[in-house]
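Participant: From the sequence below, what's the structure:
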Amino acid sequence: MKFEEIYTTYWEKIFRLCLGYTNEYSLAQDMAQETFIIVWQQLPKFRNESSIGTWIYRIATNTCLRQIEKRNRVKQTALPDNFVMAEEKKHDIEPQIQLLYRFIAELPEIDRIIISLELEDVKQAEIASITGLSESNIRVKIHRIKDRLTKKFMENGE
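Facilitator: Numbering: from 1, shown residues only. Sure, this is the predicted structure:
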């Protein structure tokens, strides 16, 4: 598979995965771009031991986790709320979807990975492979995460 095909096939999925981690549009774009730089660099070394999609999701997940570690080490200066809202409105994402991304970003790291991959219709067997958890554990976690997100929506009157 050529890099151009990979990029075209996976860009939006990887971007949404990153957005689920950060809930910040521009940071998600940066992380997705960083993911594809690594894919480009490592593609000649890809050995087809897993599907190309699983491999790319694993790279994206690792990229997101590294970014979170960096942000936790470096104290961030918070932007004013009106700036963040202006940025979100600029991208015309539906309010309920914005809220979903915000709730996902509040989840623990492993839950963010799992639910973001689930939302991208990645098979649970692949999610298990990416995360190193069993398929049955993935099923249970997905059910619990969905319950948690549903409760958050109900608490916010959605």
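
Participant: CA atoms for contacts and neighbours, from now on please.
Facilitator: Fine.

Participant: The most centrally placed residue in the chain and residue 139: what is the separation?
Facilitator: By Cα atoms, centre = their mean, the mean C-alpha position of the chain lies nearest to residue 17, the distance being 2.2 Å. From residue 17 across to residue 139, the span is 19 Å (Cα to Cα, to the nearest Å).

Participant: next helix or strand past the helix or strand of the chain with the lowest mean pLDDT?
Facilitator: Of all helical and strand segments in the chain, the minimum by mean pLDDT, DSSP states H and E falls on helix 81-90, at a mean of 47. Counting by DSSP states H and E, the element after helix 81-90 in chain order, helix or strand, is helix 95-105.

Participant: What are the buried residues along the helix or strand that that following helix is followed by?
Facilitator: Of the helices and strands lying after helix 95-105 in sequence (DSSP H and E), the nearest is helix 109-119. Along helix 109-119, the positions that meet the burial threshold by neighbour count (16 or more other Cα atoms under 10 Å) are 111, 112, 113, 114, 115, 116, 117, 118.

Participant: Residues in contact with helix 109-119: which ones?
Facilitator: Residues from elsewhere that reach helix 109-119 (Cα atoms under 8 Å, 6 or more residues apart in numbering): 16-17, 20-21, 61, 65, 104-105, 124, 127, 131, 138, 141-142, 145.

Participant: how far out from the middle of the chain is that helix?
Facilitator: From the chain centre to the centre of helix 109-119 is a distance of 7 Å (Cα atoms, centre = their mean, to the nearest Å).
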